[in-house]
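Asks: how would this look folded up:
(chains A and B)
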Amino acid sequence: MSEKVKVSCEALRCAEEICHKFNNDPGELISILHETQNTLGYLPEEIQRVIAKQLGISAQKVYGVVTFYSFFSMVPKGKYPVSVCLGTACYVRGSDKVLEEFKRVLGIEVGETTPDGKFSLDCLRCVGACGLAPVATIGEKVYGRLNPSDIKKIVAEFGE
Amino acid sequence: MINLTIDNRPVCVPKGTTVLDAAATVGIDIPALCHIDLKGTCVKNAPASCRVCVVEIEGRRNLAPSCATTVMEGMVVKTNSARVVRARKTVAELILSDHPNDCLTCPKCGDCELQKLVTRFNIREMTYKGEQSSRKKEQTVAITRNMDKCILCRRCESICNQVQTVGVLGAIRRGFETTIAPTFDKMFSESDCTYCGQCVAVCPTGALTERDNTDRLLDDLCNPDKIVIAQPAPAVRVALGEEFGYEPGTIVTGKLATSLRRLGFDYVFDTDFGADLTIMEEGAEILHRLKAFLGGDKSVKLPIMTSCCPAWVNFYEHNFPDLLDYPSSAKSPAQMFGAIAKTYWAQKMGIPREKLVVVSVMPCLAKKFECERPEFAVDGNPDVDYSISTRELARLIKRSNIDFRSLEDTDFDKPMGESSGAAAIFGATGGVMEAALRTVYEVYTGKTLPKIEFQQVRGLEGIKEATIDLAGFPLKVCVAHTLGNARYLMEKLRKGELDYHVVEIMACPGGCIDGAGQPYHHGHVEIIKARAAAIYREDEGKPIRKSHENPDIKKLYDEFLGEPMSERAHHLLHTRYFDKSIK
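Replies: Numbering: from 1, shown residues only, chains lettered A, B, ... in the order given. The predicted model follows:
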């Protein structure tokens, strides 16, 4: 129950409105999840249940899609979401070491958020900037040709 | 019609037929694993994901899955070329690469479809050893889940979503991490699972099996301080024989009774007695609501819906909490039996309640859950202590060195072993309705039925309807099986568009004969049809075919209950329902 209390009525209404915007069409599930996550930052269980109910599909189906795509998250993302590309081009140019350095500097694992809620860490496959490999994004900002030694400085840019 | 050649044999089949089905018409049995198709019912899973059924088609570069490839004019198919045979073996070897391979102690050993393929493909060593899955395990009161044994065939997902519309089981995550799990990767017990168990009925491996109560039963049977009594359901006697090599549809009622005695049950009664009792109570309730309705009472809830099926009860408690006044308040036959056994009969015999163990033998897994309902217990002592499935009984008979085929036939014990043909047909979809109609008609009209069979409510059609002439009153009835069809009707009811007086619902396709506790059908719908035919033969062979004519039921009312829906009957034989929707 405690988990459910965290989701505000406002957030639930917001999810409902997004569903209405897409005419409660089950075919639009992915678009709805995208927009809901962009608005709320994450897709907790209760939000998924609301979306399932609006679209007339099972919560299991919604959950299946949420867990299939790495973009979707059931835990709140940090204010500055970090994504490290592990696509082929980035990987061969050492993005695994970049990822390790992010983990070390932030003190979190992939899929987690720092206790102060500032950073979350994810990996993804290709952002279409292979020429800049290895690549990471923080929020909307793209960082290319990364070297593990750059990471500390980059993270510090986001300090208050 | 389409003409093609399969393994050099000419084949002529209707357009749209799959290569797999076309081959079967000329006796070519292509192996399949993920595929299941109970023709004539809505049970179907054809994701073409396992690739075991691949065949070579002339002119095509790649091997094609025969379950998902439809025939074309002039097609030349090879199902047993060296290339196909090798590819098929490799597919099975890859499936085995992350399988636990603990077949010796697996609950599905001997009934596992993957195991059968390994034998059939002559796989004699583990060619590939890959990373091992480590997925969730769960033991509920009814279903055991060990997803390490899951081969991702999606049969359970199809059943749970398309057929039953329960929507609990489905694939989550991706790639090697993929697993089939209840909603939000929680436990069955925290989900909307109805324990219908149809996922177990179609699971090809040991990933989904029943909760096994046989050890518990053995302990009770050899405990000298316990009086253990048995009550087997109507559908058990037309399926149990399959476990001992009898043709599907063989009636083994007499051997069933004898085997239960040999196992050490002190008394061998019959759930059919409970079924007759159900008809008395539910029939009275039908007439009661009908009379109120005809008398102009606008508040009366119609249609009245049957409430024998425990998965269906779970389904409406979870999904239709606003409509709980519609189902009959009558308990299921097994629970009625338990309530009477532990009061009327126990008193008569001078057996204290705590000494008496009532065990039901059921074609069903949801019955295991039903036994655990707190409302079906007195001071924590359940009316039916626990339930074992048809399969569990077969295992126990084999374990106890009983040569089933050589057993003589015996009758059930009196008084709770006496039953009518109406009770016998409870096991097939439409059976409860027909049994109720036989009694309701005669009680309402005061006349003898001109024809005892109601053919309109028989058969495998998903939703059947009929109008019965009750001395001028057109009684509109409907019979549905599978929870998907139930949902369709309930949503109509919610909108006020369901125009019937009585509705029967059973969760399993075909009714209890295809219950999740029955011997595995492995996708053969003929087995289910043979069991249904046997149910109606059992009815025809009975001297008494109407519940209200069962002499021991009459005696029970005379000596103990008074009349149907009396205060005592209400207390013992009726129940209420709860809102169990997930908020």
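Asks: residues near B:Ile340, how many?
Replies: Neighbours of B:Ile340 under the rule other C-beta atoms under 10 Å in any protein chain shown: 24. C-betas here are computed from N, CA, C, even on glycine.
Asks: residues contacting it?
Replies: Contact partners of B:Ile340, counting by C-beta atoms under 8 Å, 6 or more residues apart in numbering or on different chains, are B:274, B:277, B:416, B:556, B:560, B:572-573.
Asks: by neighbours, which of the residues you listed wins?
Replies: Result: B:Gly274 is most packed of these (other C-beta under 10 Å), 33 neighbours.
Asks: okay, and it sits in which element?
Replies: helix B:271-294 (DSSP states H and E).
Asks: buried stuff in that helix?
Replies: Of the residues in helix B:271-294, B:271-287, B:289-290, B:293 count as buried by neighbour count, 16 or more other C-beta atoms under 10 Å in any protein chain shown.
Asks: then stretch B:81-88?
Replies: B:84, B:87-88.
Asks: for chain A, see how far away B:Lys255 is.
Replies: The gap separating B:Lys255 from chain A is 43 Å, by C-beta to the nearest C-beta, to the nearest Å.
Asks: kindly apply the preceding question to B:Asn45 instead.
Replies: Distance from B:Asn45 to chain A, by C-beta to the nearest C-beta: 16 Å.
Asks: so what's the backbone phi/psi at that residue?
Replies: Main-chain dihedrals, B:Asn45, degrees, to the nearest 10: phi -140, psi 110.
Asks: next up, the contacts around it.
Replies: B:34-37, B:153-155, B:157-159, B:202.
Asks: name the nearest of these relative to B:Glu497.
Replies: B:Ile159 (27.3 Å; C-beta to C-beta).
Asks: endpoints of stretch B:337-355, how far apart?
Replies: This stretch, stretch B:337-355, spans 17 Å end to end (C-alpha to C-alpha, to the nearest Å).
Asks: so what's the residue count around the residue of chain B found nearest chain A?
Replies: Per C-beta to the nearest C-beta, the residue of chain B with the smallest distance to chain A is B:Gly167, at 2.7 Å. By other C-beta under 10 Å, 23 other residues sit near B:Gly167.
Asks: which of the contacts of B:Asn45 are close to chain A?
Replies: Near chain A, taking C-beta under 8 Å from any C-beta of the partner chain as the test, no member of the contacts of B:Asn45 is found.
Asks: check the residues you listed and tell me the two furthest apart.
Replies: B:Asp37 and B:Glu157 (15.5 Å).
Asks: looking at those two, which one has more neighbours?
Replies: B:Glu157 (21 against 17).
Asks: spell out which parts of the stretch 451-583 of chain B neighbour chain A.
Replies: Counting by C-beta under 8 Å from any C-beta, the stretch 451-583 of chain B sits next to chain A at B:Ile582.
Asks: of all the residues in stretch A:89-101, which ones are buried?
Replies: Buried-residue list, stretch A:89-101, by 16+ other C-beta under 10 Å: A:89-90, A:93, A:95-96, A:98-99, A:101.
Asks: returning to that earlier point: which one of the contacts of B:Asn45 has the most neighbours?
Replies: B:Ile159 (30 neighbours).
Asks: returning to what we had before: and which of the buried residues of stretch B:81-88 is nearest B:Ala394?
Replies: Of the buried residues of stretch B:81-88, the one sitting nearest to B:Ala394 (C-beta to C-beta) turns out to be B:Arg88, at 31.5 Å.
Asks: quick one: residues contacting that closest one.
Replies: Contacts of B:Arg88 by C-beta under 8 Å, 6+ apart are B:31, B:52, B:54, B:121.
Asks: could you measure from it over to B:Val52?
Replies: 6 Å (C-beta to C-beta, to the nearest Å).
Asks: anything in contact with each of the two?
Replies: With C-beta under 8 Å, 6+ apart, B:Arg88 and B:Val52 have common neighbours B:Pro31.
Asks: do you know the pLDDT at the closest residue to A:Cys126 other than its chain neighbours?
Replies: Among residues not flanking A:Cys126 along the chain, A:Gly87 sits closest, at 3.6 Å (C-beta to C-beta, 6 or more residues apart in numbering or on different chains). Here the pLDDT value assigned to A:Gly87 is 92.
Asks: can you check B:Ile582 too?
Replies: 86.
Asks: that one touches B:Pro321, doesn't it?
Replies: No. Checked against C-beta atoms under 8 Å, the pair B:Ile582 and B:Pro321 is beyond contact range at 10.6 Å.
Asks: list the contacts for the residue of chain A found nearest chain B?
Replies: Proximity of chain A to chain B (C-beta to the nearest C-beta) peaks at A:Ser58, 2.7 Å away. The contact partners of A:Ser58, by C-beta under 8 Å, 6+ apart, come to A:52, B:161, B:167-168, B:170, B:183.
Asks: B:Gly274 now?
Replies: Counting by C-beta under 8 Å, 6+ apart, B:Gly274 touches B:231, B:332-337, B:340, B:416, B:423.
Asks: which residue is nearest the middle of chain B?
Replies: Among the residues of chain B, the one closest to the centroid is B:Gly515, at 1.2 Å (C-alpha atoms, centre = their mean).
Asks: helices and strands around the helix or strand B:Ala230 falls within, which ones?
Replies: According to DSSP H and E, B:Ala230 maps onto strand B:227-232. Applying 3 or more C-beta pairs under 8 Å, 6 or more residues apart in numbering or on different chains; DSSP states H and E, one finds that strand B:227-232 contacts helix B:214-221, helix B:253-263, strand B:267-268, helix B:271-294, helix B:333-340, strand B:356-362.
Asks: any chance of the ones you listed in a markdown table with mean pLDDT as columns?
Replies: Below are those laid out as a markdown table (pLDDT from 0 to 100):
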| stretch | mean pLDDT |
| --- | --- |
| helix B:214-221 | 98 |
| helix B:253-263 | 98 |
| strand B:267-268 | 98 |
| helix B:271-294 | 97 |
| helix B:333-340 | 98 |
| strand B:356-362 | 98 |
